[in-house]
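S.K.: Give me coordinates for this.
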Amino acid sequence: MKLLSLLLTTLLLTGCAGGGVTTQSENGFVSGTGTALSIKASERKTAPAISGELLMGGNKTLATGKVKVINIWASWCAPCRAEAPLLQEFSVQYPEVQFAGILTRDNISSAKSFYENFKITYPTFIDDSLLIGFKGSLIPNAIPTTLIIDKNNKVAVRISGEVTVAGLRELLDKVLAEK
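M.R.: Below you'll find the model as predicted:
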């Protein structure tokens with residue numbers, strides 16, 4: 001399991017998705033430019049089951065049949081701090097969508113402080129090996145990365161880097177409107 005986590009961390013750090021959407025920062029992590037990649041419904045790959053231990057205690061399994069927004073974050077990541085209020089607000093504005101976070105490369109006490117500081121109400125999973133399940137699809141390639149998963153549990157969108165209000169709203173509304 002540790003080897004898998006190490007492999008995933010290496011992938012996140014190297015920004016293996018390419019396409020010029022990631023940059024190396026002075027903080028030693030790959031940050032994206034906020035570039036979104038959308039996949040046609042007919043070409044989407046199935047998302048992994050997202051289940052496990054939560055940052056604030058307990059366990060959860062995300063339901064299938066609902067649109068999901070999954071944000072990969074860390075408390076030390078400046079773009080993660082910048083987008084946290086927006087993601088929280090969207091989770092309230094879109095109650096029909098399941099929002100969740102996946103914590104990566106962070107310690108629990110710092111992450112809990114982040115969570116409380118930004119008054120996050122959606123769950124965050126603490127096992128970043130969940131990210132390995134996205135292999136063969138739109139694997140998270142930067143910190144932060146936000147994935148939109150459609151009603152059929154297929155990965156529809158990957159945003160590499162900080163989300164914006166207009167960008168997230170447009171992409172989320174498009175996926176929600178799909179039959």
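
S.K.: which regions of this protein lie under the pLDDT threshold?
M.R.: For the chain, residues meeting the criterion pLDDT under 70 lie at 1-33.

S.K.: Just give me the residue closest to the centre of it.
M.R.: Computing the C-alpha centroid of the chain and ranking residues by CA atoms, centre = their mean puts N71 first, at 2.3 Å.

S.K.: which SS class is it?
M.R.: Look at N71: counting by DSSP: H, G, I helix; E, B strand; the rest coil, its state is strand.

S.K.: And it, how close does it get to M56?
M.R.: Distance of N71 to M56, given as CB to CB, to the nearest Å: 15 Å. Bear in mind the C-beta positions are built from the backbone N, C-alpha and C, glycine included.

S.K.: same check, this time on Y122
M.R.: Y122 is 10 Å from M56, by CB to CB.

S.K.: can you pull out the helices in this protein?
M.R.: 2-14, 78-93, 108-117, 165-177 (DSSP state H).

S.K.: so which of these is the most packed in?
M.R.: helix 78-93 (a mean of 17; mean count of other CB atoms under 10 Å).

S.K.: Pull the residues that contact that helix.
M.R.: Residues from elsewhere that reach helix 78-93 (CB atoms under 8 Å, 6 or more residues apart in numbering): 27, 31-32, 69, 71, 73-75, 97, 99, 114, 118-122, 143-144, 146, 161-165, 168-169, 172.

S.K.: Pull out the buried residues from the residues you listed.
M.R.: Buried members of these, scored by 16 or more other CB atoms under 10 Å, are 31-32, 69, 71, 73-75, 97, 99, 114, 118, 120, 122, 143-144, 146, 161-163, 168, 172.

S.K.: Can you name the residues bridging to I72?
M.R.: Beta-bridge partners recorded for I72 (DSSP bridges): I102, T145.

S.K.: count of residues packed around K151?
M.R.: 15 (other CB atoms under 10 Å).

S.K.: okay but it is in contact with A63, surely?
M.R.: No: if you go by CB atoms under 8 Å, K151 and A63 don't touch, sitting 10.8 Å apart.

S.K.: in stretch 47-60, what's buried?
M.R.: For stretch 47-60, by 16+ other CB under 10 Å, it's A47, P48, I50, G52, L54, L55.

S.K.: This completes my enquiry, with thanks.
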